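Novice: Need a 3D model of the sequence below.
(2 chains)
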Protein chains: 2
Amino acid sequence: MNRFVKCGLAIAVLIAPVVAQADDADVINYRKQIMKTMGEQNAAMQMTLQGKVPADQFVSHVKTLHLAATQALKAFEPEVQGDGMTGSAKPEVWSNKADFAKRMNEQVAKLAALEKAAVEGGVAKAGPMIQTSLDCRSCHENYRVPKK
Amino acid sequence: MNRFVKCGLAIAVLIAPVVAQADDADVINYRKQIMKTMGEQNAAMQMTLQGKVPADQFVSHVKTLHLAATQALKAFEPEVQGDGMTGSAKPEVWSNKADFAKRMNEQVAKLAALEKAAVEGGVAKAGPMIQTSLDCRSCHENYRVPKK
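Specialist: Here you go, the predicted structure:
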């Protein structure tokens, strides 16, 4: 092994933890973008129901929520713990992995059904399903560092 | 006109500006939710391209961006000026209404084409279209109060 290869290896060892750190930050940042999207699209959907903005955007917000929920499912696959900041993932996401995955998959399935109803019959058909379709709190209470 | 009707009218006149104010705040809040979604989903999509997160989420983010762009088109229809805060709509949105509408419609059309390409051929087909499909800056420079 020549001097340059050894040097390269030494540098690689020194850099490795920094790279891993950056990767973890990316994973956490990605999740945050998606969860923020869910919060905003839920708020926007609620505004269409409250008559605050045009009701014709209801279906679009439901579709977006469904897409974002599928993104969230993927975003929480890597076992990278939250950064401990308010609103970030608790360690329980991975220590209770089976329960968390079950809830996330249920959320996707419920939003798929809500989208189907919304496309078929608008608010009249999908409206009564909303409360059970977006049960954010049941997951956030167990798996999210509380918002201050 | 009896006393009670007069009284009711007087109260209505007193309350009206407060209600209008609340409605304007709703319109602005709704827009902000949607524009934030676009920013986040764009960031998330870029992360899939940079290899920071799974590439298989690329199409989902493009679909979400397309939906959010159609929401934005609707959200800017009411002639309610921004609240003057950083990132809010400039008065030019309505004084240059035709140009603004043209750009917003172009954005939706470009994202529709990007989604089509992404669904058909993934990043390989849609990748080269991204830079021209998400020209956020050209609109923001003219129509958004600069971010600090």
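Novice: where does chain A dip in pLDDT?
Specialist: Chain A contains residues with pLDDT under 70 at A:1-22.
Novice: Return the residues of it in contact with chain B.
Specialist: Contact residues, chain A versus chain B (Cβ under 8 Å from any Cβ of the partner chain): A:23, A:26-27, A:29-30, A:33-34, A:36-37, A:40-41, A:43-44, A:47, A:52-54, A:56-57, A:60-61, A:63-64, A:67-68, A:70-71, A:74-75, A:77. No exception for glycine: its C-beta is placed from N, CA and C like everyone else's.
Novice: Would you enumerate the residues in contact with the closest residue to A:Glu40 other than its chain neighbours?
Specialist: Nearest residue to A:Glu40, sequence neighbours excluded (Cβ to Cβ, 6 or more residues apart in numbering or on different chains): B:Gln33, at 4.0 Å. If a contact means Cβ atoms under 8 Å, 6 or more residues apart in numbering or on different chains, then B:Gln33 has A:40-41, A:43-44, A:47 as its contacts.
Novice: can the residues you listed go into a markdown table with extra columns for distance to A:Val123 and secondary structure?
Specialist: Shown next, in a markdown table, are the contacts of B:Gln33 (distance: Cβ to Cβ, whole Å; DSSP: H, G, I helix; E, B strand; the rest coil):
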| residue | distance to A:Val123 | secondary structure |
| --- | --- | --- |
| A:Glu40 | 19 | helix |
| A:Gln41 | 16 | helix |
| A:Ala43 | 16 | helix |
| A:Ala44 | 14 | helix |
| A:Met47 | 13 | helix |
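Novice: quick check, the residue nearest to A:Glu40 in a strand?
Specialist: No - according to DSSP: H, G, I helix; E, B strand; the rest coil, the state of B:Gln33 is helix, so it is not within a strand.
Novice: Distance of it relative to A:Ala124?
Specialist: Taking Cβ to Cβ, to the nearest Å as the measure, B:Gln33 falls 24 Å from A:Ala124.
Novice: Check A:Ala117 too.
Specialist: Separation of A:Ala117 from A:Ala124 (Cβ to Cβ) stands at 9 Å.
Novice: Of the two, which one has the most company?
Specialist: A:Ala117 (21 against 10; other Cβ atoms under 10 Å in any protein chain shown).
Novice: Please identify the helix or strand for the residue lying closest to that one once chain neighbours are set aside.
Specialist: Of all residues not flanking A:Ala117 in the chain, A:Ala126 sits nearest, at 4.1 Å (Cβ to Cβ, 6+ apart). Per DSSP states H and E: A:Ala126 is located in helix A:97-126.
Novice: Which positions within that helix qualify as buried?
Specialist: Judged by neighbour count (16 or more other Cβ atoms under 10 Å in any protein chain shown), helix A:97-126 contains these buried residues: A:100, A:104, A:107-108, A:110-111, A:114-115, A:117-118, A:123, A:126.
Novice: Then stretch A:130-148?
Specialist: Neighbour-count burial for stretch A:130-148, counted by 16+ other Cβ under 10 Å, picks out A:130, A:133-134, A:139, A:143-145.
Novice: Now that stretch - C-alpha only, CSV.
Specialist: This file holds the C-alpha atoms of stretch A:130-148, laid out as CSV (Å, rounded to 0.1, in the frame of the first residue of the first chain):
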residue,chain,number,x,y,z
ILE,A,130,-62.8,13.4,7.0
GLN,A,131,-62.6,13.2,10.8
THR,A,132,-61.6,9.5,10.8
SER,A,133,-59.4,9.9,7.6
LEU,A,134,-57.1,12.5,9.1
ASP,A,135,-56.3,11.3,12.6
CYS,A,136,-53.0,13.2,12.9
ARG,A,137,-53.2,13.5,16.6
SER,A,138,-53.2,9.8,17.4
CYS,A,139,-49.8,9.4,15.8
HIS,A,140,-48.3,12.8,16.8
GLU,A,141,-49.2,12.2,20.5
ASN,A,142,-47.1,9.1,20.6
TYR,A,143,-44.4,9.7,18.0
ARG,A,144,-43.7,13.4,17.7
VAL,A,145,-41.8,15.7,20.1
PRO,A,146,-44.6,18.1,21.2
LYS,A,147,-44.9,21.4,19.6
LYS,A,148,-44.2,24.3,22.0
